[in-house]
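Asks: I would like to see how this sequence folds:
(4 chains)
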2 protein chains.
Amino acid sequence: MKKKISIKDLAKHVGVSTALVSYVLNNKEKEARVGKETVVKIREAAKELNYQPNLIARSLKSGKTRTIGLIVADISNTFFSNIARIIEDEASLNNYTLIIGSSDESAEKSQTLINTFLKRQIDGLIIAPTVNTESQIKAVKKTGVPLVLIDRYYPDLDVNTVRINNFEASYKAVEHLAGKGFKRVSMIAYKTPLPHMMERKAGFLEALKDLKIHSGEDSIMESSYENIERDIEQIMGRLLDKKEGRPDSFLFATNSLAVLGLKEIVKRKLIVPDDLGVVAFDESEAFDFFYSPITYIDQTTSRIAKEAVKLIMKQLSSIEKEEKDEKERTDIVSHIIIDPKLVVRESCREGK
Amino acid sequence: MKKKISIKDLAKHVGVSTALVSYVLNNKEKEARVGKETVVKIREAAKELNYQPNLIARSLKSGKTRTIGLIVADISNTFFSNIARIIEDEASLNNYTLIIGSSDESAEKSQTLINTFLKRQIDGLIIAPTVNTESQIKAVKKTGVPLVLIDRYYPDLDVNTVRINNFEASYKAVEHLAGKGFKRVSMIAYKTPLPHMMERKAGFLEALKDLKIHSGEDSIMESSYENIERDIEQIMGRLLDKKEGRPDSFLFATNSLAVLGLKEIVKRKLIVPDDLGVVAFDESEAFDFFYSPITYIDQTTSRIAKEAVKLIMKQLSSIEKEEKDEKERTDIVSHIIIDPKLVVRESCREGK
DNA sequence: CTGAAAGCGCTTACAG
DNA sequence: CTGAAAGCGCTTACAG
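Replies: Numbers count the residues shown, from 1 in each chain, chains lettered A, B, ... in the order given. Have a look, this model is predicted:
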């Protein structure tokens, strides 16, 4: 292992002080009025010795790490990995690096990740928050670290958010199904107090009422996060194997729910959309490949990601400005609410 | 923004030196023989003031960041996001944090990421290398940073790798197709000198020869990485629209190729497996959802990820030991080659 | 135009 | 049992 070379090594090599090396390598030779020849010599030495600055040292000095933390439920879920990818690109454009953590919908893991990231002095934090993390979010907010919630949020917290209009999304989905002649829609959702999910359910119920559709007491069925496979199997079984009053269509509240639900439908050799109409939230390659491509609610992940990074950057630059001007911290909170798009495909053609 | 509190603040608050605080908070009170009461007072103060150590400072001192860098082609690709997820979990078990970058198969981006990660003093690097990055890998190796290549590799480089037996995988796939009576197999692959892809092709060709199958000069068709959508459309068009000698089955060399290829098949209303047999590399939710679930070569992403982290940890602990003993660095390179599993499903039932 | 020095927040060998 | 001090690699105000 070759020892890493430092600014000190460079300084010795050229025969100047470390200060000069630092100025030159940060292109501040003008401000520091460094001699031309010295500049050239330092530059050459840096190249020759393949000098790589130690960003850890710089961070300690500057108090900035140029790192953004991203906490999602599960980075292997397409929805989140798509978002992560765009966030990575946007961050990189601004010279920020991304560190990623998966909370698995566990408040405990979420707390661990938040702590780790804060101790690592991240400059900003983007979170898709999990159940029971309201106090964690509040605590982050109190630290003053730029923060944006994506996808999910807490309405009572005065924190930046980027999300879709979930109520509207569900409403539109039902409207669409109704328009196609479906009469007995069931929604498959998660059992959780998370507001984004509550709103999806509320929009669904409101639409049922307005459109005078209903599907009895089973209109919304809920799965846990922990035992999603078992729960969906059970729920879909109960609904699909009904002798009477079987739903003629489904609204799935996430891509994971849809994927598992569709498996149950296929297992029973029921045909979409002839026997059952289907609309799902989120995207999934699987939706394209189902024999009857699934109509879905596009959350436009790339917009969510871009807006989130933009909000982080905005906060970062206002902090910088305030530090310079020694002004008090002003705190402007934004809520970016994106209009959901219903991407209509084959899975809910005219019902029977 | 509340000022972060440091070890110095704690020391002042309790009325001791920073040294004691550091010892206590690192559970080294015994080695340092700190007084019992002092220990208690320091612990309480730390809790009261909600002290969070600055890991950047610790890293600067220790030279270790407890960070692992992961560079893949694209984190939004299921194959890589699955791997990333397991690596995250394994790293976390060892108290390491993950930073992730996507190279987009570009040697330039790869270099930028490598540089950034090295400057950030990562303790280990896991890379799925891109074309023309052989020299980059060599340079990383020279720095002495623990390194593991996954999925792809360079045979001439003396660097740790974790990968499947690609030759064998293709061979098995063709064997399977042949066994099901398919007689004219085409492989859809990437045009790239990357060895893992070359071997997939070589295994394919060898199997064709051994099994006396052939599909003329079009047995292997190659797409670029850059224009994959356009290329696949063109290639599949050329093969599928043939008047004579149309392939009766396909081996797709990655999940992305398969997904696009299947779209072309569907577009032409050709039926899998009646008209065409299909086997693909990698997993994809889409494979489960195709009306005829796709037979695929399972790369067992979780094993790849776990072995990769294990190799990093092994290097890390041997470095530590050597530092302590002031021994010379010994350099043991491992190649973990995982046996591919063919997961047989519907997409290549008995051919006609 | 250039150098010496302080300091970011920690850790740790050393002295007492 | 405890404190003063050096040092990790950088940046930057200050003095000359």
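Asks: Point me to the residue of the stretch 101-250 of chain A nearest DNA strand D.
Replies: A:Q121 (12.9 Å; C-beta to the nearest atom of the strand). All C-beta atoms are positioned from the backbone trio N, CA, C, and that covers glycine.
Asks: Assess the claim that that residue and B:P53 are in contact.
Replies: No. Counting by C-beta atoms under 8 Å, B:P53 is not a contact partner of A:Q121; they are 10.5 Å apart.
Asks: Show me the longest helix that occurs in chain A.
Replies: Criterion DSSP state H: the longest helix present in chain A is helix A:301-325.
Asks: May I have the strands that pair with the next helix or strand after that helix, each with its orientation?
Replies: Per DSSP states H and E, the first helix or strand lying C-terminal to helix A:301-325 is strand A:335-338. Each strand that pairs with strand A:335-338, with its direction, by DSSP bridges: strand A:160-164 (parallel).
Asks: Following element in sequence after the strand it pairs with, please.
Replies: Per DSSP H and E, the first helix or strand lying C-terminal to strand A:160-164 is helix A:166-179.
Asks: who in the stretch 201-350 of chain A is up against chain B?
Replies: Within the stretch 201-350 of chain A, the positions near chain B by C-beta under 8 Å from any C-beta of the partner chain are A:259, A:262-263, A:284-291, A:319, A:329.
Asks: ok so, going back, can I assume the residue of the stretch 101-250 of chain A closest to DNA strand D sits in a strand?
Replies: No. Using DSSP: H, G, I helix; E, B strand; the rest coil, the assignment for A:Q121 is coil, not a strand.
Asks: what number of residues lie near it?
Replies: 19 (other C-beta atoms under 10 Å in any protein chain shown).
Asks: before we move on, what about A:A57?
Replies: Neighbours around A:A57, by other C-beta under 10 Å: 16.
Asks: what residues are up against it?
Replies: A:A57 makes contacts with B:L60, as judged by C-beta atoms under 8 Å, 6 or more residues apart in numbering or on different chains.
Asks: what's the distance between it and DNA strand D?
Replies: Counting by C-beta to the nearest atom of the strand, to the nearest Å, the gap from A:A57 to DNA strand D is 3 Å.
Asks: re earlier: filter the residues of the stretch 201-350 of chain A next to chain B to the buried ones?
Replies: For these, burial is judged from neighbour counts taken by 16 or more other C-beta atoms under 10 Å in any protein chain shown, and it is met by A:259, A:262-263, A:284-290, A:319.
Asks: now those as CSV including secondary structure and distance to B:T192?
Replies: Compiled in CSV, these are given as follows (DSSP: H, G, I helix; E, B strand; the rest coil; distance: C-beta to C-beta, whole Å):
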residue, secondary structure, distance to B:T192
A:V259, helix, 31
A:L262, helix, 35
A:K263, helix, 35
A:S284, coil, 28
A:E285, helix, 23
A:A286, helix, 27
A:F287, helix, 29
A:D288, helix, 26
A:F289, helix, 26
A:F290, strand, 31
A:I319, helix, 45
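Asks: DNA strand C: which of the residues you listed is nearest?
Replies: Closest to DNA strand C, out of all of these and judged by C-beta to the nearest atom of the strand, is A:I319, at 15.8 Å.
Asks: from memory that closest one sits against A:D123, does it?
Replies: No. With contact defined as C-beta under 8 Å, A:I319 does not reach A:D123; the gap is 9.1 Å.
Asks: what sits in contact with each of those two?
Replies: Counting by C-beta under 8 Å, 6+ apart, the contacts common to A:I319 and A:D123 are A:P146.
Asks: contacting residues for the residue nearest to A:V259 when sequence neighbours are not counted?
Replies: Once flanking residues are discounted, A:V259 sits nearest to A:A286: 5.5 Å by C-beta to C-beta, 6 or more residues apart in numbering or on different chains. A:A286 makes contact with A:255, A:258-259, A:262, A:294, B:284-286, B:288-289 under the criterion C-beta under 8 Å, 6+ apart.
Asks: And the helices in chain A, which stretches?
Replies: Taking DSSP H as the criterion, chain A carries its helices at A:7-14, A:18-25, A:36-48, A:55-62, A:78-93, A:107-119, A:134-143, A:166-179, A:195-210, A:228-240, A:255-267, A:285-289, A:301-325.
Asks: Can I get the ones you listed in a markdown table including distance to B:K28 and mean pLDDT?
Replies: Below are the helices of chain A laid out as a markdown table (distance: least, C-beta to C-beta, whole Å; pLDDT from 0 to 100):
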| stretch | distance to B:K28 | mean pLDDT |
| --- | --- | --- |
| helix A:7-14 | 30 | 88 |
| helix A:18-25 | 32 | 89 |
| helix A:36-48 | 39 | 88 |
| helix A:55-62 | 22 | 94 |
| helix A:78-93 | 37 | 96 |
| helix A:107-119 | 19 | 97 |
| helix A:134-143 | 28 | 95 |
| helix A:166-179 | 50 | 96 |
| helix A:195-210 | 45 | 95 |
| helix A:228-240 | 44 | 95 |
| helix A:255-267 | 45 | 92 |
| helix A:285-289 | 51 | 85 |
| helix A:301-325 | 36 | 90 |
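Asks: out of these, nearest to B:P195?
Replies: For these, the distance to B:P195 is smallest for helix A:78-93, at 26.1 Å, taking C-beta to C-beta.
Asks: Can you give me the buried ones in that closest one?
Replies: Going by 16+ other C-beta under 10 Å, helix A:78-93 has these buried residues: A:78-92.
Asks: what's the answer for stretch A:12-22, then?
Replies: Neighbour-count burial for stretch A:12-22 [16+ other C-beta under 10 Å]: A:13-14, A:16, A:20-22.
Asks: ditto for stretch A:316-329
Replies: The neighbour-count check on stretch A:316-329 (16+ other C-beta under 10 Å) flags A:316, A:318-319 as buried.
Asks: Does that stretch reach DNA strand C?
Replies: No. Residues of stretch A:316-329 contacting DNA strand C under C-beta under 7 Å from any atom of the strand: none, with a closest distance of 13.9 Å.
Asks: Contacts for that stretch, please.
Replies: Outside stretch A:316-329, the residues touching it (C-beta under 8 Å, 6+ apart) are A:123-124, A:144, A:146, A:330, A:332, B:1.
Asks: Repeat that for stretch A:196-210.
Replies: Defining contact as C-beta under 8 Å, 6+ apart, one finds that stretch A:196-210 is touched by A:151-153, A:163, A:166-171, A:173-175, A:178, A:185, A:187, A:189-190, A:213-215, A:219-220, A:251, A:253, A:281.
Asks: Could you rerun that using 6 Å?
Replies: With C-beta atoms under 6 Å, 6 or more residues apart in numbering or on different chains as the test, stretch A:196-210 has contacts from A:152, A:166-167, A:170-171, A:174-175, A:187, A:189-190, A:214, A:220, A:253.
Asks: ok, now stretch A:103-113?
Replies: Applying C-beta under 6 Å, 6+ apart, the external contacts of stretch A:103-113 come out as A:71, A:73, A:101, A:130, A:132-133, A:136, A:225.
Asks: Please list the residues of chain A that sit near DNA strand C.
Replies: A:15-20, A:32-38, A:57, A:60-61, A:63.
Asks: Out of the residues of the stretch 201-350 of chain A next to chain B, which is nearest to DNA strand D?
Replies: Checking these against DNA strand D with C-beta to the nearest atom of the strand, the nearest one is A:I319 at 15.4 Å.
Asks: Quickly list the domain ranges of chain A.
Replies: Listed by automatic domain parsing, the domain ranges of chain A are A:7-53, A:65-164+A:302-338, A:166-299.
Asks: how about the ones you listed in CSV, adding distance to B:N27?
Replies: Output for the domains of chain A, formatted as CSV (distance: least, C-beta to C-beta, whole Å):
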stretch, distance to B:N27
domain A:7-53, 33
domain A:65-164+A:302-338, 16
domain A:166-299, 34
